[in-house]
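**Q** Model the structure of this input:
(2 chains, ligands or ions: 2)
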Amino acid sequence: MTETVDLVVIGGGIIGCSVVQHAAQLLPPSTRILLLERGPVAGATSGSCMGHLMVTPDTPQDYAFTRTSLDLWGELQQQEGGFDHNPTGALYLADADEDLELLPTLLEQFRANGATAEVLDGRQLREVEPGLAEDLPGGLYYPGDGVVLPMLACGAMLRVAQRANPNVVVRPGCAVIGFERDGDRITGVRSERGTIRCENVVNATGVWAPDLAELAGQARLPIYPRAGNLAITGHHVSPIRTQLLEVSYLRFAHGAATVDPTRTDDDVGGHAVNMQPQTNGGCLIGSTRQFRGMDKTINHALLRRSLSRAQRYVPAVATAPIVRTWVGLRPYAIDKHPLIGPWPQLRGLWIAAGHEGLGISLAPITGRLLAQQLAGLAPAIDHTPYLPARFAR
Amino acid sequence: MNARILEADVGVVGAGPGGMAAARRLAAAGLQVVVLDEGQRAGGQIFRQLPVGASGHDRIAEPPSHEHGHRLIEHFERAGMDRRHGASVWDARPGRLWFEQGGESWLLRCQKIVLAPGAYDRVVPFPGWTLPGVMTAGALQVMVRGFGVVPGRRALVVGSGPLLLPTVASLVSAGVQVVAALEASSRWRALRALPAVIGNGARRREALWYAKKLLLAGVRLRWGWTVFGCEGDGRVQRAVIGKVDRAGRPRRDTARAIDVDVVGAGFGLVPSVELGLHLGCASRHDAARGGHHLVVDDAQRTSVAGVFAAGEICGIGGAEVAMAEGELAAAAVLHELRGAPIDAALRRAVAAERRAADAMLAAFAPMPGLHELASPDTIVCRCEDVTAQRARAAAALHGSSLRAVKMGCRAGMGPCQARICGPSLQAIANARPDEVMDRPIVQVPLKVVRSETIVDAPRD
Ligand SMILES: Cc1cc2nc3c(=O)[nH]c(=O)nc-3n(C[C@H](O)[C@H](O)[C@H](O)COP(=O)(O)OP(=O)(O)OC[C@H]3O[C@@H](n4cnc5c(N)ncnc54)[C@H](O)[C@@H]3O)c2cc1C
Ligand SMILES: Cc1cc2nc3c(=O)[nH]c(=O)nc-3n(C[C@H](O)[C@H](O)[C@H](O)COP(=O)(O)OP(=O)(O)OC[C@H]3O[C@@H](n4cnc5c(N)ncnc54)[C@H](O)[C@@H]3O)c2cc1C
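**A** Ligands and ions are numbered 1, 2, ... in the order given. Below you'll find the model as predicted:
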């Protein structure tokens, strides 16, 4: 017997879960929605990352994109909670003098978007975060950022979806292995447990999105795995309470020039340390950036670099017990913008992938924008920069 | 920073019976040996010694086989080698062991590695298992034998497998009254172990010694019984005990309460395989041997060249197996480094000990029904305070694997890295009556170490 549904979402990471949530909330409750996930829900990138909810003020578009998404995170906290949502604010830390030069620009960007932020000297920094080293020259404090535990947030999104729509089915441990088509439109997907008839399919498979596109007979999407090393300390030892990151991050992370994903050496794109307090009293320390395919072995040199930079900013880290380290793979889209919307060359195929290091922050707005397009509703913000059509031939 | 680098012919991890037997033989043959062990003194789990200078009561009575062990410790401590206690190995590659000792970061470069890191207690959560006064049989042994502490006056010992007897014996000789000793496995299952015990001289003597010890203390071992829960105000004061069926499921109608002030629960052991898996050694799952263990050939060679293994890491088997395998591993190392022939008697000894151990442990293979002892609000993961109910909800939404349960509720991700909660999370994930464990995903650091230990690790 063939199963029939209205919408299949492939990929149970934070993006797929958010798409399911917003589709369940915006489409009629009779809509049958099926999430197919090859492994466990949150078992891939969304279970191997940090949970910084970050506002990027580089341009008004970036600001609207991230800020709207963070507001939706706040709504999810109201509706469901249970994912360690913590409005910590963020400190951008300078070390060298050339870092200090970045601070006024950043401040100006926040202000231009009507947001409050402050540039602080070393003494003021330690008032916000007493664990910081005494000789830091300065930094910037933005109170609007926060932290979540992404893998638990995936569960919260799915619970909200199942409450909004009783026809939501979550099927972990079931991979998609092919697509059914009729001319230029999708008629179903083939899964490990049988064929499912459906007219709309969302490819939300992160770093595997190019493989799924190929499986559907389409060109590979320009998304590349970008590895990051992480380390976590034991409980109740976190010397910090704010989300901390090196301001030098801005030189390569978002708006800055794109990098070449075929270069696999250690030095492509920067490695800025990022430290995050956990609600269990631990501290998560990341994070590096390297292209080397799907390889998830720890790069010891880069891990040492992260930890020694962390010790530089927060001296107590030196003696903190490290419990585990691991590698996560960011889905890096070649032009640094995620792909959200229909794929013009195969009707019924949709894409929500390629969020690189901001997928947690951007998950709610991504789900919302995609569901709005599916439902034929007006988008919450200008969605055109993210339309996948820019990569269609 | 001066580089803390050691050079040796052989690096041995673990100073329990397996590691000591290997190291002593290697040192006696004139090789340069470095032994790394987390504990403060040699002996490993079974021949645990009081800390130097500790005043505990005189030696806790021990079965005859322990004489053998104490001789081994004496020889080991007299042999010429570099013994490093308080040394935690946190990263490894063939020929390289990185360790932290006294807050310093070290590297040992060696030609061959012998792994003898032992095992962990298998924990089965039941209501009240986190109350003060309730501990694993292993932890109780450590208190009594390792620190000379008398933990209470009225003890309950529960669990399954040959470790219950030494736990009872230690308590009795420390002057504690053992109110009840409950073995979850049935007498019928245990009868299967009998030929292995009778057929092996050392095991027969040991069983008789324990039987006499229990008889004199008036302790009767009850088969097919276990603990259903512990209660008390601030610490354990009462335990509810009862019968279990053949799968280990509690028969609630048999429950009754007894007054106790200390409880030791030992439901078997889980091999400590992380170091081997990290080195890339092949492993196999065998429930009766405690779960995943390294696969070795007839000379204790793992699948990775230059890496040997002995003792519980090759599957739970006990101290006699560990000593025999340690000797054989040493002979195999000597064969590779010196061309010395491997004495066939060593191979025969290992085969005989393993046969006896396997036959015995088959009677005490983990009983999946015991995981039903936990009630919905019983904590299953102590590090992250996760209840059975939350872990079940995580499995229902995230999938039926250990990893899925972890992702759904953060269980198993704390300092123990699922070494303690793994079996019960796995039972929740499997949601079916078996004991197949997912192979653990191992990452550095293999033991919790300081951030600066990783930063300052000497480059090889
Ligand atoms: C080290 C690191 C730190 C980060 N820190 C942050 C941060 O602080 N803040 C932030 O906002 N973002 C951060 N990110 C980025 C964020 O983690 C990612 O952008 C986001 O998790 C991507 O989610 P996803 O759902 O697209 O991918 P995934 O979580 O990988 O989900 C894709 C899913 O698709 C499944 N799948 C693949 N193929 C198939 C198939 N054939 N059939 C069925 N299912 C399939 C996979 O199993 C997987 O579960 C970080 C990332 C890393 C690596
Ligand atoms: C808590 C406990 C109590 C036990 N009590 C008894 C008993 O009373 N009677 C009995 O017959 N059997 C007992 N056993 C069973 C016992 O494990 C075996 O019989 C025997 O000790 C196994 O020998 P081994 O050499 O394989 O390991 P072990 O004796 O366990 O020795 C392993 C040693 O390696 C060290 N080690 C492990 N990993 C590392 C690392 N990464 N870096 C540095 N050092 C490391 C450990 O600290 C330990 O000292 C007990 C087991 C446990 C876990």
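
**Q** Setting aside sequence neighbours, what's the nearest residue to A:Q290?
**A** Excluding the flanking residues, the one nearest A:Q290 by Cβ to Cβ, 6 or more residues apart in numbering or on different chains is A:A227, at 4.8 Å. C-betas here are computed from N, CA, C, even on glycine.

**Q** B:E100 and ligand 1: what is the separation?
**A** Going from B:E100 to ligand 1 by Cβ to the nearest ligand atom, to the nearest Å gives 25 Å.

**Q** try B:L275
**A** As for B:L275, its distance to ligand 1 is 26 Å (criterion: Cβ to the nearest ligand atom).

**Q** Sticking with that residue, tell me its helix or strand.
**A** In this assignment (DSSP states H and E), B:L275 forms part of helix B:274-278.

**Q** Over to B:L6?
**A** Short version: B:L6 belongs to strand B:5-13, going by DSSP H and E.

**Q** ok so, going back, surely the residue nearest to A:Q290 and A:G328 touch.
**A** Yes - taking Cβ atoms under 8 Å as the definition, A:A227 is a contact partner of A:G328 at 7.3 Å.

**Q** Now the common contact residues for those two.
**A** Each of A:K296 lies in contact with both A:A227 and A:G328 under the rule Cβ atoms under 8 Å, 6 or more residues apart in numbering or on different chains.

**Q** Looking at those two, which one has more neighbours?
**A** Per other Cβ atoms under 10 Å in any protein chain shown, whichever of A:A227 and A:G328 has more neighbours is A:A227, with 25 against 22.

**Q** Quick one: list the elements packing against the helix or strand containing the more buried one.
**A** Under the criterion of DSSP H and E, A:A227 resides in strand A:223-233. With contacts defined as 3 or more Cβ pairs under 8 Å, 6 or more residues apart in numbering or on different chains; DSSP states H and E, the packing partners of strand A:223-233 are strand A:283-286, helix A:300-313, strand A:321-333, helix B:451-455.

**Q** Could you pull out the buried residues of it?
**A** A:223-233 (16 or more other Cβ atoms under 10 Å in any protein chain shown).

**Q** what residues does whatever helix or strand comes next after it touch?
**A** Where DSSP H and E defines the elements, the next helix or strand beyond strand A:223-233 is strand A:243-246. Strand A:243-246 is contacted from outside by A:52, A:88-93, A:95, A:99, A:129, A:145-147, A:272-277, A:309, A:313-314, using Cβ under 8 Å, 6+ apart.

**Q** and the residues you listed, which of them are in strands?
**A** Using DSSP state E, the members of those that fall in strands are A:52, A:90-93, A:146-147, A:274-277.

**Q** got a list of what the spatially most central residue of chain B touches?
**A** In chain B, the centroid-proximal residue (Cα atoms, centre = their mean) is B:A119; its distance is 2.7 Å. B:A119 makes contact with B:45, B:269-272, B:290, B:312-313, B:316, according to Cβ under 8 Å, 6+ apart.

**Q** tell me which residues of stretch B:272-284 are tucked away?
**A** B:272-279, B:281, B:283.

**Q** As CSV, those with distance to A:S191 and pLDDT would be great.
**A** Formatted as CSV, those follow (distance: Cβ to Cβ, whole Å; pLDDT from 0 to 100):
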residue, distance to A:S191, pLDDT
B:S272, 39, 96
B:V273, 34, 96
B:E274, 35, 96
B:L275, 39, 97
B:G276, 36, 98
B:L277, 31, 97
B:H278, 34, 96
B:L279, 37, 97
B:C281, 35, 98
B:S283, 31, 97
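
**Q** of the residues you listed, list those near ligand 2.
**A** Restricting the buried residues of stretch B:272-284 to those touching ligand 2 (Cβ under 6 Å from any ligand atom) yields B:272, B:275.

**Q** Return the residues of the stretch 151-300 of chain A in contact with chain B.
**A** Residues of the stretch 151-300 of chain A lying close to chain B (Cβ under 8 Å from any Cβ of the partner chain) are A:151-152, A:154-155, A:158-159, A:170, A:172-173, A:231, A:233-235, A:280, A:285, A:298, A:300.
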